[in-house]
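Novice: Sequence unavailable; structure follows:
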């Protein structure tokens, strides 16, 4: 494969990873939106306004896609790539469980597993693909915050 063809394939694969992460995230957001049920829930004082979520997730999904692409280009069959796919599945599972199924408890289990997967990805890539680990760091911080939010909403709305 010549250099120009290789560059074209790398560009196409980068676009595909970003479209997969961002497009998948947007599709999940549109099919599992915050609705009247969510609006009626008791929320902790640190709950951000709803308008903050779309721009934050848009930036994070772009970074998730780029990080996945970086690892895919270096080690397609690696543990890091397997963890990248696992975190994406967990990420995409959370909103339907929380917003559509109204299962705050199961969503908490999923987001805890997602947090573990993000930490594993960062650990697995920190030496071989440090830029990918760096791109996942804000994602990990946000999901840690989202985990606290999910747990707090569950606690505040539990039947005592």
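Specialist: Sure, I can see it. The structure presented is a predicted model; accordingly, all values stated were derived computationally and were not measured. Numbering: from 1, shown residues only.

Novice: what residue lies at the spatial centre of this structure?
Specialist: residue 91 (4.5 Å; C-alpha atoms, centre = their mean).

Novice: quick one: it and residue 20 touch, right?
Specialist: No. Between residue 91 and residue 20 there is no contact under C-beta atoms under 8 Å: 11.5 Å. For the C-beta atoms, the positions are set from N, CA and C on the backbone; glycine is no exception.

Novice: before we move on, the earlier item: could you tell me what pLDDT the model assigned to the residue nearest to the centre of the chain?
Specialist: pLDDT, residue 91: 98.

Novice: Numbering from 40 from now on, please.
Specialist: With the count now opening at 40, the last piece we talked about shows up as residue 130.

Novice: which residues does it contact?
Specialist: Going by C-beta atoms under 8 Å, 6 or more residues apart in numbering, residue 130 touches 64, 103, 153.

Novice: Where does the nearest residue to residue 49 once chain neighbours are set aside fall, secondary structure wise?
Specialist: Spatially, and ignoring its direct neighbours in sequence, residue 49 is nearest to residue 112 (6.7 Å; C-beta to C-beta, 6 or more residues apart in numbering). Using DSSP states H and E, residue 112 falls within helix 92-113.

Novice: In that helix, which residues are buried?
Specialist: 96, 99-111 (16 or more other C-beta atoms under 10 Å).

Novice: what does stretch 183-199 give?
Specialist: Within stretch 183-199, the residues that count as buried by 16+ other C-beta under 10 Å are 185-186, 188-193.

Novice: Identify the farthest-apart pair in those residues.
Specialist: Farthest apart among these by C-beta to C-beta are 185 and 193. That separation is 12.4 Å.

Novice: which stretches of the chain aren't confidently modelled?
Specialist: For the chain, the stretches flagged by pLDDT under 70 are 40, 199.

Novice: could you show me where the helices are in it, in order?
Specialist: Counting by DSSP state H, one finds helices in the chain at the ranges 42-57, 63-70, 75-79, 92-113, 118-134, 143-164, 169-195.
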